[in-house]
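S.K.: Sequence plus predicted model, see below.
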Amino acid sequence: MDKRIAVVSIIIYDRQEAETVNKILHEYASYIIGRMGLPYAEKGVSIICVVMDAPTSITSALSGKLGMLTGVTAKTNTAKI
(Lines give C-alpha, C1' and ligand atoms only; values in the text may rest on other atoms or scores of the structure.)
Protein backbone atom coordinates (compact mmCIF):
# COMPACT_ATOMS: atom_id res chain seq x y z
CA MET A 1 0.00 0.00 0.00
CA ASP A 2 1.11 3.51 -0.81
CA LYS A 3 1.19 5.32 2.53
CA ARG A 4 1.15 9.08 2.79
CA ILE A 5 1.33 11.72 5.47
CA ALA A 6 -2.04 13.45 5.64
CA VAL A 7 -3.48 16.36 7.56
CA VAL A 8 -7.24 16.27 8.03
CA SER A 9 -8.78 19.61 8.98
CA ILE A 10 -12.16 19.32 10.65
CA ILE A 11 -14.55 22.14 11.54
CA ILE A 12 -17.52 21.30 13.74
CA TYR A 13 -20.38 23.79 13.47
CA ASP A 14 -22.85 21.66 15.46
CA ARG A 15 -21.44 20.78 18.90
CA GLN A 16 -23.84 17.85 19.18
CA GLU A 17 -21.78 16.11 16.46
CA ALA A 18 -18.55 16.29 18.51
CA GLU A 19 -19.14 12.89 20.13
CA THR A 20 -19.75 11.27 16.74
CA VAL A 21 -16.59 12.88 15.35
CA ASN A 22 -14.58 11.49 18.27
CA LYS A 23 -16.03 8.00 17.74
CA ILE A 24 -15.06 8.09 14.06
CA LEU A 25 -11.55 9.31 14.88
CA HIS A 26 -11.21 6.47 17.40
CA GLU A 27 -11.91 3.96 14.58
CA TYR A 28 -8.78 5.27 12.81
CA ALA A 29 -6.60 5.65 15.92
CA SER A 30 -3.94 3.22 14.65
CA TYR A 31 -3.19 5.60 11.74
CA ILE A 32 -3.26 8.85 13.72
CA ILE A 33 0.11 10.39 14.63
CA GLY A 34 -1.27 13.40 16.48
CA ARG A 35 -4.30 15.56 17.01
CA MET A 36 -4.96 19.12 18.10
CA GLY A 37 -8.38 20.51 18.96
CA LEU A 38 -9.29 24.14 19.42
CA PRO A 39 -12.67 25.35 20.63
CA TYR A 40 -13.45 28.76 19.14
CA ALA A 41 -16.35 29.85 21.31
CA GLU A 42 -16.43 33.36 19.86
CA LYS A 43 -17.37 31.92 16.45
CA GLY A 44 -19.32 28.95 17.83
CA VAL A 45 -17.16 26.27 16.19
CA SER A 46 -14.58 23.67 17.15
CA ILE A 47 -11.53 23.04 14.98
CA ILE A 48 -9.61 19.76 14.96
CA CYS A 49 -6.39 19.05 13.07
CA VAL A 50 -5.46 15.36 12.71
CA VAL A 51 -2.13 14.15 11.32
CA MET A 52 -2.09 10.63 9.88
CA ASP A 53 0.31 8.17 8.28
CA ALA A 54 -1.99 6.00 6.20
CA PRO A 55 -2.90 4.82 2.71
CA THR A 56 -4.93 7.36 0.76
CA SER A 57 -7.93 5.03 0.82
CA ILE A 58 -7.96 5.25 4.63
CA THR A 59 -7.66 9.04 4.78
CA SER A 60 -10.36 9.37 2.11
CA ALA A 61 -12.67 7.05 4.06
CA LEU A 62 -12.16 9.07 7.25
CA SER A 63 -12.72 12.39 5.51
CA GLY A 64 -15.80 11.01 3.75
CA LYS A 65 -17.39 9.73 6.97
CA LEU A 66 -16.78 13.05 8.68
CA GLY A 67 -18.06 15.05 5.71
CA MET A 68 -21.37 13.17 5.75
CA LEU A 69 -22.16 14.46 9.23
CA THR A 70 -24.50 17.44 9.39
CA GLY A 71 -22.68 20.46 10.78
CA VAL A 72 -19.18 19.08 10.09
CA THR A 73 -16.72 19.79 7.27
CA ALA A 74 -13.49 17.90 6.63
CA LYS A 75 -10.69 18.54 4.15
CA THR A 76 -7.54 16.48 3.59
CA ASN A 77 -4.09 17.57 2.45
CA THR A 78 -1.56 14.82 1.65
CA ALA A 79 2.15 14.52 0.99
CA LYS A 80 3.97 11.49 -0.36
CA ILE A 81 7.04 11.03 1.83
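M.R.: That came through fine. Numbering: from 1, shown residues only.

S.K.: What segments of this protein are strands?
M.R.: Assigned by DSSP state E, the strands in the chain fall at 3-12, 32-40, 45-55, 72-79.

S.K.: Just name whatever secondary elements the third one is in contact with.
M.R.: Based on contacts counted as 3 or more C-beta pairs under 8 Å, 6 or more residues apart in numbering; DSSP states H and E, the elements that strand 45-55 packs against are strand 3-12, helix 18-27, strand 32-40, helix 56-67. The C-beta positions use only the backbone N, C-alpha and C, and glycine is treated the same way.

S.K.: One more pass at 7 Å, please.
M.R.: strand 3-12, strand 32-40 (3 or more C-beta pairs under 7 Å, 6 or more residues apart in numbering; DSSP states H and E).

S.K.: now it against strand 32-40, angle please.
M.R.: 170 degrees (axes from the mean of the first three to the mean of the last three C-alpha atoms, to 10 degrees).

S.K.: do the same with the shortest one
M.R.: Using the same axes, to 10 degrees, the direction of strand 72-79 lies 140 degrees away from that of strand 32-40.

S.K.: Quick check: buried residues in strand 72-79?
M.R.: For strand 72-79, a neighbour-count test (16 or more other C-beta atoms under 10 Å) marks 72, 74, 76 as buried.

S.K.: Quick check: mean pLDDT of that strand?
M.R.: In this model, strand 72-79 has an average pLDDT of 95.
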